[in-house]
Every structure is written in structure tokens, then in C-alpha cells.
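Novice: Sequence plus predicted model, see below.
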Amino acid sequence: MGGLYIGLTLMLTFNMVVGTGRLEVSILAVFNESGQMAEGNCCLESRDDGSCPSLCHTLFTICLQHYTVNIPEFPSCTYGRAVIPVINSTSVGGTAATKNTYLVKIPFQFSWPRTFSLVIDAWYNIHPNLTMATEDLSNRILRTVATDKLTPPSQWVKKIAKTSQLEISYEYRVLCDEFYYSDTCAQICRHRNDNFGHYVCDEMGSKVCLPGWQGEFCQEAVCTAQCNTSRGYCEKPFECRCFLGWTGESCSQCIPHPGCLNGLCYEPWQCICKDGWGGRYCNIDQHYCIKHRPCRNGGTCNNDESKNFTCACSTGYTGRTCENVICFDSYCQNGGRCQGTSENDVKCLCPEGFYGQHCEHKKYSCKDIQCANAGVCTDGKYGANCSCVEGFEGKYCENEIDECLSNPCANGGTCLDGFNNFICRCRENYMGKTCAIIMDPCHGITCFNGGRCVTTVGFQAECACPHGFTGKRCGSRTNVCKNVKCHNGGTCVNSRVGDHSCACLNGFHGDLCELSTPQCTQISCQNGGICKQYINHTVCICPSEFAGEKCESSLMEFDERFLDSFSQNSCAKYYFSYWPILLILFQLMVPP
């Protein structure tokens, strides 16, 4: 049972403490010339003539009660209670100093209910103990009750209460404490830029993420625009880090299986072979036999799934490509004799007049042949040989060399063969023996990303790149952040158009985060104004008798000057009757 009681107590406690703020009450002026209490008795002993001394030691009790019409003599002060010290004067008020002297703050730690009853009692204090003075109703001089509905942050609400004995002027307002917002002060928001969040608070206490952050608590970094968030992530704003198995600027490219040579992937670590390739790593050429014809000496090529191919060798040959010879009948021609016992040393001993690996070539002498086109015959180890003059070729120098076979004409030029020479007919914009000289160096040159081709002093083509790009053809982006320094902890971010921007920390702004965002300080607002901090500005909530951006303008001085000039007018009595309304209208006309 005890545990249940404790649990309920904790639950009620946490449910109640959902907001925090304060109601401020200020006694502006007190007038008690009669020196009497509520029942007409003198505060001090009467004079011989029966009149009361004007001095009446007065204290005030402030009671903040839930909204109710019937106020008991001793209210419960549901929301809080405060006491204003004894005033030892018959007349007080009229200056800002008076207001600050007789100002009390009643804090609350619950959701502000908006409606309330404010009970102010004025007591004659003759006892050193303040409690005793406020327990005797005969000591009460005046009671005033204000039932109202306010939402924070509110302006000052001014009230006047008077009896035949006493007149008081007072005002009150309700404010949320620092970091508490909304019309109930229950919205908590604290600017932060750390591992637990990156945000500032707006006027209603909602979180506004700093640049580059998102999520409920602005803890999620915003990746680059092209980043595939299903395959990549970012820990800092405007980056893109790939999950394992993915690569590329946007993490959209899968990484194939290690060792995959001629394959591709749709998911990480796959090795899907391209057409014509096989094997676990797509390294087996399924058309190797057709493309390379590796088997020699009449061997037959067969495709193999593990080693590209195998050769079925003809009789007398062996080796991977049938490159090695084994002696067999008719291996040596024209009466040659085969020698050798292993596949690596087989050779033919040729008879006189024949040569070659198989003795297949007959050895001729210069008596047997005739060299054409002025060729010169010489006898050698392997028979007669014709040495051709320049411009001819062939075994007997019978063929004129076609110089156009080597395609000497560049850039699409047309070759015309001549004797030991050639002529190139060049296309437009080209010249020279082989059409290699470009008359316009920029002809055929493409510059990317808006680059423009220009001719250098050395008659060479060069791309002039726009801002943000570099490279021979302007194909690479420049790192614009390389020489940019963002101040005050800001971070430089590349943009898509080759420019940059600085993501600033809380409290700074500007192109390079060089400017400080206004912050509330002790001197931000004058004359008792309350400073409220918003995203890029601060606002002063001024007392009712002051106005201006920093509450620097006194409305009371304006009232005094106005009264001096107006007091002689016959309508002055109407002004004194309606001066509170006029004062409020004047406040509304003064710009914030």
C-alpha cells in the first residue's frame, strides 16, 4: 500500500510540473492621507481634535488564486502568495524607481491555466510579526480583487482601487521563464548545437533546425542532394558516406566480388558475367578458340570452363598449344632425317640443297633465279637471295611497294601512291605532308561545362573554363572551399554550381559567418524591460510606462508635459477621468 502511495505521489508530481513561469505584480502608487483603516479607525492614536495622523504603516499581501468569483476572507492562494514590505509613507508612487521597489514575483511550476483571481490586501502593520498583522481583519485597510485571463508573455495590465481611506495603483503581467514558451509556459525549448541536437527556438518554442540538420531533435544530418540514402548515409551535413558494398559520389554503384574481371553487379559482391565470359570470376573467355586460335600445327581447340581452352594435338605434336614436335614418319621432307628423343629437341637433318624446319625449302643459287627491277642476287647459307632497290619488295623484287598501305595520311586525308613516295590530299582545316598540321587548333575540340576553346601563343588549343571547373576539357569541378575560411566555427559547403556557402553555428550569420546574431544581455532592455531571444533578433517586452526598441522612452514624462499644457483647459477634467485609456492608446501608437 505504501508503494502505491509513493508511486501515485510521484506520478502526480511529474504531471503537475509541466510548465514554469511567474506572475509579476507591481504597486505603482499608494495614497492614504486619512490615516484610517477599513472600519474608519485611525491607524495611530487620534489627535485631540479627533482627526487621525496621516502616517499609516502599510503592507500588502498578494494572493494568486485559481479562478473564482467568491473570495473567502482568508483565501487559499492556490497558485502562490507574496508580501510587499511595509510602506511608511502616506503617499508613494509616480516613478520607475517606485515600481522596481514594490515589485513581487510569484513563480509557478505548472501549466499556466490562463484564468486566475488576484487578491491584494492592504494591512495596517503594527506588529513586528507580519503574519500576526495579516491574521486580524481589523487591521485590513483595503481589499481589491482582479479576475482576469492572460496568456504569456503579456503586457502590463494596470488597475486602480480606492476607498475613502486608501487609493492604490498597481499592475500585473504573466511571463514564462527562460526556455519555456507557449500560452501555458509548458513548451520547453533550449537553443543547442551539440550531439543532442542542432537547433534554435522560434517564438512559440518550436525547434528550428540549423542548416544541414533535420529530424525531431535536429540530430539527423542532411546528406548531399544526390546521395542515395538507402545505400549511403552522412554523419555531418552535406556529405555522403557509402554503406559497405557501395561506392560512387551518390553511393549508387555496387562493388562486385573481389577478383571479378569481366562481370558486373546489381547488388554488392555479385559477379554476373558479361556475354562471352564464364567462370566464378568471369575470367574464362568462352570464345577464346575463335578469337585467338591458339592451337598450332593442326591442333583442335576446345573451350574449357576452368582454363579458357585445351588443344587436341595432331600426331607428332604436344604441349599446351601443340607447339612441341615429336619425331614421326614424314615429319622431315625431301629426304631429311629426324633426330631427337624428347619433345623439346626434335629437328631435321636436311640433305644437300634443302633447308627449313622440315627440310621443306629448296636451296637455289643465283644461277637458278633472276632478280627483277634491278635487284642484286647473292648466294647465302640458305640459297640465293635478291636485294631489292628502294621502292620494291618480294622474293625476286617483283612487287612495287605501296606506300599508302601504312595509312600515312592523318586526320582523314586521302593517300595517293607514287614511286617510292606518296601524296596526301588533306581535308579542310588541315595541311602538311601527312595532313598533321591543324590550321585551326580549336577545330574538333569540345570543352565541357560551358568552357570555351581558345588558341594559345604557341598555336595550341586550350579550354578556358568557367568558375567552378578545371581540367584539360573543363571536366572536373574545382574545390571552391579549398581557400575559403568560414569564421566562428562555420563549415564550408560546395554547391552544385561551383560556388560555396558557409553553414554557421548558432549565434552567427553572414557569407563567412563573420557577423554575430543579436543575443539577450543584461543591458539589452532598459527600465525593467524583459528581453526575449528569437532566431535572428531580440525583442524587449516593456513596462506600461515605457516604450521604444529598448524601452528607452518614458511615457510618464510625456504625460507630465501634456498635463502641464492641458491643465488650464476647460476639458481637463475629462482627461483626468479617461487618462488610463489614453495612455494605453498612446502605447499602441509608439512603434516597438
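Specialist: Received it, and whenever you're ready, just let me know what you need.

Novice: Poorly predicted segments of the protein, please.
Specialist: 1-17, 47-50, 54, 86, 88-100, 126-133, 341-344, 495-498, 535-536, 557-592 (pLDDT under 70).

Novice: Where do the domain boundaries of it fall?
Specialist: In the assignment given by automatic domain parsing, the structural domains of the chain cover 4-184, 403-438, 440-504, 524-592.

Novice: Flag every buried residue along stretch 143-152.
Specialist: Of the residues in stretch 143-152, 143-145, 150, 152 count as buried by neighbour count, 16 or more other Cβ atoms under 10 Å. Any C-beta I mention is one placed from the backbone N, CA and C, and that applies to glycine too.

Novice: ok, residues contacting it?
Specialist: By Cβ atoms under 8 Å, 6 or more residues apart in numbering, the surrounding residues in contact with stretch 143-152 are 21, 38, 67-69, 71, 112, 114-122, 157, 159, 161, 168, 170, 172-176, 183, 185.

Novice: Keep only those of those that are in strands.
Specialist: With DSSP state E as the criterion, strands contain 21, 115-122, 157, 159, 161, 168, 170, 172-176 from among these.

Novice: Derive a ChimeraX selection command for the buried subset of the residues you listed.
Specialist: Buried subset of these, written as a ChimeraX selection, criterion 16+ other Cβ under 10 Å:
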select :21,116,117,118,119,120,121,122,157,159,161,168,170,172,173,174,175,176
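
Novice: Ok, which of the domains of the chain comes nearest Glu323?
Specialist: Glu323 lies closest to domain 403-438 among the domains of the chain, at 30.7 Å (Cβ to Cβ).

Novice: so how far is that closest one off the chain centroid?
Specialist: Here domain 403-438 is found 59 Å from its chain centre; the criterion is Cα atoms, centre = their mean, to the nearest Å.

Novice: Could you give me the buried positions within it?
Specialist: Buried residues in domain 403-438 (16+ other Cβ under 10 Å): 403-404, 408-411, 413, 415, 422, 424, 426, 430-431, 434-435, 438.

Novice: same thing with stretch 260-276?
Specialist: Here stretch 260-276 shows 260, 262-263, 265, 268, 271, 273 as buried, counting by 16+ other Cβ under 10 Å.

Novice: Give me the contact list for that stretch.
Specialist: Against stretch 260-276 from outside (Cβ under 8 Å, 6+ apart): 244-246, 254-257, 259, 277, 279-283, 285-287.

Novice: for stretch 154-166, same thing?
Specialist: 26, 28, 30-32, 34, 36-38, 40, 58, 120, 122, 141-142, 144, 146, 148, 150, 167-175, 541, 543-544, 580, 583.

Novice: quick one on the thing from earlier: what subset of the contacts of stretch 260-276 is buried?
Specialist: Buried subset of the contacts of stretch 260-276 (neighbour count, 16+ other Cβ under 10 Å): 246, 254-256, 277, 279, 281-283, 285-286.

Novice: Tell me the one among these nearest to Asp511.
Specialist: For Asp511, the nearest member of these is Trp246. The distance, counting by Cβ to Cβ, is 34.9 Å.

Novice: Show me what the closest one is bridged to.
Specialist: As for beta bridges, Trp246 partners with Cys254 under DSSP bridges.

Novice: now do Cys502
Specialist: The partner list for Cys502 in beta bridges (DSSP bridges) reads Cys492.

Novice: quick one, helices of the stretch 51-200 of the chain?
Specialist: 96-101, 130-133 (DSSP state H, counting those that start in this stretch).

Novice: re earlier: need the max-distance pair from the buried residues of domain 403-438.
Specialist: Distance extremes for the buried residues of domain 403-438: the farthest pair is Glu403 and Ile438 at 23.2 Å, using Cβ to Cβ.

Novice: and Gly444, how many neighbours does it have?
Specialist: For Gly444, the count of nearby residues is 11 (other Cβ atoms under 10 Å).

Novice: cool, and Leu59?
Specialist: Leu59 has 19 nearby residues by other Cβ under 10 Å.

Novice: on that earlier part again, which of the contacts of stretch 260-276 fall within strands?
Specialist: 246, 254, 277, 285.

Novice: give the contact list for the first one.
Specialist: What it means is Trp246. Shown in contact with Trp246 (Cβ under 8 Å, 6+ apart): 228, 231-232, 252-255, 268.

Novice: please redo it, this time with the cut-off set to 10 Å
Specialist: Applying Cβ atoms under 10 Å, 6 or more residues apart in numbering to Trp246 gives the contacts 228, 230-232, 252-255, 267-268.

Novice: and what of the second one?
Specialist: With contacts defined as Cβ under 10 Å, 6+ apart, Cys254 is in contact with 231, 245-248, 264-270.

Novice: And the third one, by the same measure?
Specialist: Under the criterion of Cβ under 10 Å, 6+ apart, the contact partners of Trp277 comprise 261-263, 271, 283-287.

Novice: In JSON lines, list those residues along with distance to Cys350.
Specialist: Putting these into JSON lines (distance: Cβ to Cβ, whole Å) gives the following:
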{"residue": "Leu261", "distance to Cys350": "47"}
{"residue": "Asn262", "distance to Cys350": "47"}
{"residue": "Gly263", "distance to Cys350": "52"}
{"residue": "Cys271", "distance to Cys350": "54"}
{"residue": "Asn283", "distance to Cys350": "44"}
{"residue": "Ile284", "distance to Cys350": "43"}
{"residue": "Asp285", "distance to Cys350": "40"}
{"residue": "Gln286", "distance to Cys350": "43"}
{"residue": "His287", "distance to Cys350": "40"}
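
Novice: Check those against Ala221 and report the nearest one.
Specialist: Cys271 (33.8 Å).

Novice: So that closest one versus Asp329, what's the distance?
Specialist: In this view, Cys271 and Asp329 are 50 Å apart by Cβ to Cβ, to the nearest Å.

Novice: same question, Ile188
Specialist: 105 Å.

Novice: residue contacts, the residue with the largest distance to the centre of the chain?
Specialist: What lies farthest from the middle of the chain is Lys367; by Cα atoms, centre = their mean that is 92.3 Å. Contact analysis of Lys367 by Cβ under 10 Å, 6+ apart lists 377, 379, 384.

Novice: The first one touches Asn385, doesn't it?
Specialist: Yes: in this structure, Cys377 is within contact of Asn385 by Cβ atoms under 10 Å, at 7.2 Å.

Novice: Identify the contacts common to these two.
Specialist: With Cβ under 10 Å, 6+ apart, Cys377 and Asn385 have common neighbours 364, 366, 369, 371.
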